[in-house]
Every structure is written in C-alpha cells, then in structure tokens.
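Trainee: Curious how this folds, go ahead:
(one chain, ligands or ions: 1)
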Amino acid sequence: ATNRTFTMLKPDAVNKGYIGAILEKINAAGFKIVAMKMTRLTKNGAQEFYKIHEERPFFNDLVDFMTSGPIVSAILEKENAVEDFRVLIGATNPADAAEGTIRKLYAGSIENNAIHGSDSDENAAIESAFHFSGREVFSEDI
Ligand code: CMP
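Mentor: Model (predicted):
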C-alpha cells in the first residue's frame, strides 16, 4: 500500500545550498512530494518535536542546531515510505552511512546530519501533523 513519511532538510543542508540536490535524489528514488515548505523551528517547537530525546545528553545541542536557521519540511508518498526513506538517507552518523546515501553525500557529522526521516508510520503521522495542516497536503487520497 502507498504510504507516507515525513522529512526535514536540516539547517546545515539548507545553509550549504543542498536543497535542490537532495530533493532530486528524493524524487529519483520514487518519492512523491505531497507537502513542502521552508520554515524555521522555534525553541519551543524544536523541544516539542524532539521530546522523545529530552533526557539524552545531546538534547540541548540538538534544539540549538535545529533552530539555528531555516529548514525545509516535507511529506513524501511512496509504497513502504518510512523504511525505504531511511535506506535512502543512510545511518544517523554519516561516518556509518552507506555509499550513495543522502547523509553520506551531504552530512558533516552525527549532529549536523543534513536530513530527518520518520522512524515509524505512527511517528510519520505525528510529525506530519506537527508541521502541516490538512489543507497543505496534496494527494489523490484527499
Ligand atoms: P535524527 O535521527 O533525525 O533525530 C535525532 C537527532 O539527534 C539525530 O538525527 C542526530 O542528528 C542528533 N544527534 C546528535 N547526537 C546524537 C547521538 N549521539 N546519537 C543519536 N543522535 C544524535
């Protein structure tokens, strides 16, 4: 069945001018962009989005980084979207990411790792609703 995942091009990727190259790879891999915008997370917004990592030692640095500049958020549609997108972006740490993956090509470090991909269908729905209203999502389904 066709389903969806949520992604953000993080401030490092946007700042380095990689928006076009990354979107090209996403489309080439068969994902359809059904929602997209450039925005900037507030501190409260980033803390809420990453609440699951609240107790982790890197939490404050993560919030600072994710609020440091604009991001591009998007909802992507494809069969097996969540799993296939995580393969396309590669491991969290670009040093461990496979050749040809987005993080291998465009990420600088585990903190500045260029791109986010939802880790489950449930989180994809939660994260999409956090960033987009229903009227901002364009799909045959709605
Ligand atoms: P992501 O999986 O998109 O969401 C959580 C982010 O925390 C992760 O990407 C990394 O960018 C960031 N992060 C920073 N340090 C670490 C770490 N030591 N382990 C895992 N994630 C980290």
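Trainee: How far away from the center of its chain is the helix or strand containing I26?
Mentor: Per DSSP states H and E, I26 falls inside helix 19-28. On the basis of CA atoms, centre = their mean, to the nearest Å, helix 19-28 sits 13 Å off its chain's mean C-alpha point.
Trainee: That helix and the ligand, are they touching?
Mentor: No. For helix 19-28 and the ligand, the contact criterion (CB under 6 Å from any ligand atom) is not met; the two come no nearer than 13.9 Å. For every residue, glycine as well, the C-beta is placed using N, CA and C.
Trainee: Give me the contact list for that helix.
Mentor: With CB atoms under 8 Å, 6 or more residues apart in numbering as the contact definition, helix 19-28 has outside contacts at 7, 9, 13, 33, 72, 74, 76, 88, 102, 105-106, 114-115.
Trainee: Just the buried positions in that helix, please.
Mentor: 22-23, 25-26 (16 or more other CB atoms under 10 Å).
Trainee: With pLDDT added, can I get the residues you listed in JSON lines?
Mentor: Shown next, in JSON lines, are the buried residues of helix 19-28 (pLDDT from 0 to 100):
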{"residue": "I22", "pLDDT": "98"}
{"residue": "L23", "pLDDT": "98"}
{"residue": "K25", "pLDDT": "98"}
{"residue": "I26", "pLDDT": "98"}
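Trainee: Quick check: the two most widely separated of these?
Mentor: By the measure CB to CB, L23 and K25 form the most distant pair in the buried residues of helix 19-28, at 7.4 Å.
Trainee: Show me where the chain has its helices.
Mentor: Here the chain has its helices, by DSSP state H, at 11-15, 19-28, 43-49, 59-66, 81-89, 102-106, 121-131.
Trainee: Whichever of the contacts of helix 19-28 end up buried, select them in ChimeraX.
Mentor: Buried residues among the contacts of helix 19-28 (16+ other CB under 10 Å), as a ChimeraX selection:
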select :7,9,13,72,74,76,88,102,105,106,114,115
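Trainee: Distance from the lowest-mean-pLDDT helix or strand in the chain to the middle of the chain?
Mentor: Least confident element among the helices and strands of the chain, by mean pLDDT, DSSP states H and E: strand 2-9 (a mean of 93). Distance of strand 2-9 from the chain centroid (CA atoms, centre = their mean) equals 7 Å.
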